[in-house]
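> Return a 3D structure for these sequence lines:
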Amino acid sequence: MRTRLLVVQVLVLVLLAALAVRLWQVQVVRGPEFVNRATETRTRTVIVPAVRGQILDSSGRPLVRNKSRLVVSVDRNRLVRMRDSGVKVLGKLSEVLSRPVSQLQRRITPCGPDVPKPCWTGSPYQPVPLDEKVDTREALQILEQQEKFPAVSAEIQAIREYPLGEAGAQMFGYLSPVTEAELEKRVGLKATFSGVDLAGRDGLEYFYDEELRGKAGIRRVQVDRMGKPLGVEKEVPSVAGHHLVTSIDARIQAVTERALQKAMKSAPAADGGAAVVLDARTSRVLAMSSAPGYNPSVWAGGISARTYRHLLSEKSGKPLTSRAINGQFAPGSTFKVSSVASMLRAGYPLDGQYSCPGSVMIGDRAFNGFRGIPLGTLTLHTALVKSCDTIFYKAAYDQYLKDGGRTPKKHVAEVFANTARKFGFGAPTGVDLPGESHGRIPDRRWKKETWALTSGENCKRAQTGYPEVKDGARAAFLKRLAHENCAEGFILRPGDSANFSIGQGDVLVTPLQLARAYAALVTDGKVRSPRIGWAMVRPDGKVVKTIPVPVVGRLPVTEKERRYIKNALSQVPSDGTAAGAFAGFPMDQVAIGGKTGTAEVWGKQDTSWFASFAPTRNPRFVVVVMVSQGGFGAETAAPAAREIYEGIFGIKRPAAVRDGKPVSELPTFRPDGTVVPG
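Got it, this is the predicted structure:
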């Protein structure tokens, strides 16, 4: 009996010692860990996304606004930690949302090189929205049965809405989830990332993303063991983003969109187009359109693989690309304003007389004017009105020879190329949009750099030819060209200088570059960096800051020379190459000036251009229209510009602007942030 009692005592002491050790381990060693776990079971931290600011036009009309919708989201991290990786939860969710489980699984799978769309492009720590169009009944099924739907939430969230539809889609941009790579790349975004943010991906949404996004809030909610909320423990409210007031006039934008679409339909081969309307005095953008377009609402809730391929497809015309700032095209005769300035810089007299034969020899090759028709002896004024090519061919060739021709001097003047750069060509305008193209001003240095990059391929093609090209004549031409470029592609040739002078050959500009050059020419000679953003406004209506339009250069012409060129352009729609397009237009009410352009493109129809301004005496608007494969400038682009002016000034329809002037003052806001009708 004594032995048994001793054994029992020892056993009790061992058990007490083990219990004491365990208690010490739980309370002292792992105490903080269990305290945190206990706290986590009692509270949930909820990120409260900030309401993104709206994008408004110059009168306060919404261009991009928010609309509230019930959104069902899944916390993927919690889901994959479940024993069955959340399959059971997704099965129940598929019944509520009427969507296959496989589709839901694809939506929450992170995107990767071998992962087909749709997939999740955002951060793995961000809730994945599965449905942004659920009704109240579906949301209540999820909220009232949280024990059946762990890791699933249904909340009212703001999503983007586009009142103008396709109009200006490339300019406004779109939103999509923040990726891990983007967080590392964009330091400012990482510092304020809430975990549920969407980021601007293109256009104004990207450029002004930080101001529009605002700052997310935090809400700590007490919950029971089933996850049902009991009360709010702590709340830090979100700070709504600022509204962006732009210089875009929704009425002018609508008129511009209609005119461009009509122009595209009028040219059977047209595969793209752009139209830009600037305030002539400030270079603020009043309208910017690109065709083909698309409806940016396709990004809401995640874009499908099919739609995404359509936006990037050559067959569909790459509607995601803005041809106004990314499209690079030979400008044709609209470029002659730069060539006239080049001649003046080279010493040609402003009041001189110049021969305009039907053809002129450039090197050992004849370069013809339009249809080879001689126009006699002309002034520079008439050369612009009638668009004589041969005057500019000869002037550019003479300057080419002065620089040494095929064997250039050590220091070359390159008057035509350097003057074009002073007009803003060959460099981005600096507009407040991402991804703007540079355009191209080909000079001797560009020739050498291009040859260094392409000589290997050209020399290879000089031997192998182009067997993949089915057109035998074109294949033979390309082979000869490759041989020539292989042997002496670094040399600026006589024909290069001639083509440059009329905006052909290797010269490329964007519609926005051309518009700002004309704005400088017909006003004060100052080259500005155009702006779409005008002001940032708080949700309560207080203006936070205005966005200035910087002056970045000055045209290389005197005021007298500018007036001379402007007066010549003022006759083009009445007596020159655009007379047919403006026949019957009431020039006595609104006088239009401008220049047509028809740029040849190998293997395609001509690019149609019209660069213009109005009224001619005191310009307030600059309108540039470009239609790729649109044919003659006078046949496609000029009629579209006419229709835009008719809409702006109220000819045949109500005027888009008051008193024939762009809006010059910011809209007035009430204390609640709404706009006072003007």
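
> Let me know whether Lys234 touches Arg220 as I believe.
Yes. Using C-beta atoms under 8 Å, Lys234 is in contact with Arg220, at 4.3 Å. All C-beta atoms are positioned from the backbone trio N, CA, C, and that covers glycine.

> More neighbours: which of these two?
Arg220 (15 against 11; other C-beta atoms under 10 Å).

> and the more buried one, helix, strand or coil?
strand (DSSP: H, G, I helix; E, B strand; the rest coil).

> Find me the pLDDT at it, would you?
At Arg220, the pLDDT value in this model is 76.

> what about the lengthiest helix in the chain, average pLDDT?
Longest helix of the chain, by residue count under DSSP state H: helix 2-24. If you average the pLDDT over helix 2-24, you get 81.

> what sits up against it?
Defining contact as C-beta atoms under 8 Å, 6 or more residues apart in numbering, one finds that nothing outside helix 2-24 touches it.

> Residue ranges in the stretch 51-200 of the chain under the pLDDT threshold?
Low-confidence segments of the stretch 51-200 of the chain, defined by pLDDT under 70: 112-118, 121-126, 132, 179-197.

> Helices of that one, residue ranges please.
Here the stretch 51-200 of the chain has its helices, by DSSP state H, counting those that start in this stretch, at 76-80, 87-97, 101-108, 136-143, 169-172, 180-185, 187-192.

> Just tell me which of these ends up closest to Val601.
In terms of C-beta to C-beta, the element of the helices of the stretch 51-200 of the chain nearest to Val601 is helix 169-172, at 22.3 Å.

> Give me the helices and strands touching the closest one, please.
helix 203-207, strand 285-291 (3 or more C-beta pairs under 8 Å, 6 or more residues apart in numbering; DSSP states H and E).

> how far is the last one from where the chain is centred?
For strand 285-291, the distance from its own C-alpha centre to the chain's C-alpha centre is 10 Å (C-alpha atoms, centre = their mean, to the nearest Å).

> Need the CA coordinates for that strand. PDB is fine.
Listed next in PDB are the C-alpha coordinates belonging to strand 285-291 (Å, rounded to 0.1, in the frame of the first residue of the first chain):
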ATOM      1  CA  VAL A 285      -6.800  70.700 -75.200                       C
ATOM      2  CA  LEU A 286     -10.500  71.200 -75.900                       C
ATOM      3  CA  ALA A 287     -11.200  67.900 -77.600                       C
ATOM      4  CA  MET A 288      -9.100  64.800 -78.500                       C
ATOM      5  CA  SER A 289     -10.500  61.900 -80.400                       C
ATOM      6  CA  SER A 290      -9.000  58.700 -81.800                       C
ATOM      7  CA  ALA A 291     -10.500  56.100 -84.100                       C
END
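
> hmm, who's touching that strand?
58, 167-168, 170-171, 246-249, 252-253, 255-257, 260-261, 264, 272-279, 317, 321-325, 327, 431, 512, 530-532, 621, 662.

> circling back to that earlier point, roughly how far is the longest helix of the chain from the heart of the chain?
That offset, for helix 2-24, works out to 77 Å (C-alpha atoms, centre = their mean).

> partners of the biggest strand by length in the chain, with directions?
Looking across the chain with DSSP state E, the single longest strand is strand 62-74. Using DSSP bridges, strand 62-74 pairs in its sheet with strand 55-56 (antiparallel), strand 128-131 (antiparallel), strand 152-161 (antiparallel).

> and the longest one, which residues are buried?
Going by neighbour count (16 or more other C-beta atoms under 10 Å), the buried part of strand 152-161 is Val152, Ser153, Ala154, Glu155, Gln157, Ala158, Ile159, Arg160, Glu161.

> possible to save these as CSV with distance to Val551?
Shown next, in CSV, are those (distance: C-beta to C-beta, whole Å):
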residue, distance to Val551
Val152, 55
Ser153, 51
Ala154, 52
Glu155, 48
Gln157, 42
Ala158, 38
Ile159, 39
Arg160, 34
Glu161, 36
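
> ok, those vs Ile565, which is closest?
Nearest to Ile565 among the buried residues of strand 152-161 is Arg160, at 43.9 Å by C-beta to C-beta.

> Could you pull up the residues touching the closest one?
Contacts of Arg160 (C-beta under 8 Å, 6+ apart): Arg52, Val64, Arg65, Asn66, Lys67, Tyr174, Leu175, Pro296, Ser297, Trp299, Ala300.

> Mind giving me the ChimeraX command for buried ones among these?
Entered in ChimeraX, the line below selects the buried ones among the contacts of Arg160, by 16+ other C-beta under 10 Å:
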select :52,64,65,66,174,175,296,297,299,300
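
> Mind putting the contacts of Arg160 into JSON lines with distance to Ala240?
Formatted as JSON lines, the contacts of Arg160 follow (distance: C-beta to C-beta, whole Å):
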{"residue": "Arg52", "distance to Ala240": "8"}
{"residue": "Val64", "distance to Ala240": "15"}
{"residue": "Arg65", "distance to Ala240": "13"}
{"residue": "Asn66", "distance to Ala240": "10"}
{"residue": "Lys67", "distance to Ala240": "15"}
{"residue": "Tyr174", "distance to Ala240": "20"}
{"residue": "Leu175", "distance to Ala240": "16"}
{"residue": "Pro296", "distance to Ala240": "21"}
{"residue": "Ser297", "distance to Ala240": "22"}
{"residue": "Trp299", "distance to Ala240": "21"}
{"residue": "Ala300", "distance to Ala240": "20"}
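
> C-alpha coordinates for stretch 516-528, CSV please?
Taking C-alpha atoms only, stretch 516-528 is exported to CSV below (Å, rounded to 0.1, in the frame of the first residue of the first chain):
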residue,chain,number,x,y,z
ARG,A,516,0.5,72.9,-81.1
ALA,A,517,2.8,74.1,-83.9
TYR,A,518,-0.1,75.7,-85.7
ALA,A,519,-1.3,77.2,-82.4
ALA,A,520,2.1,78.9,-81.9
LEU,A,521,2.2,80.0,-85.5
VAL,A,522,-1.1,81.8,-85.6
THR,A,523,-1.0,83.5,-82.2
ASP,A,524,2.1,84.7,-80.3
GLY,A,525,4.9,82.4,-81.6
LYS,A,526,5.3,80.6,-78.3
VAL,A,527,5.5,76.9,-78.4
ARG,A,528,3.6,75.4,-75.4
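
> wait, Ala413 sits on Gly404?
No. With contacts counted by C-beta under 8 Å, Ala413 stays clear of Gly404, the gap being 10.2 Å.

> does Tyr294 really touch Gly168, like I thought?
No. Tyr294 lies out of contact with Gly168 (C-beta under 8 Å); the separation is 11.2 Å.

> For the two, indicate the residue with more neighbours.
Gly168 (32 against 20).

> No more questions from me, cheers.
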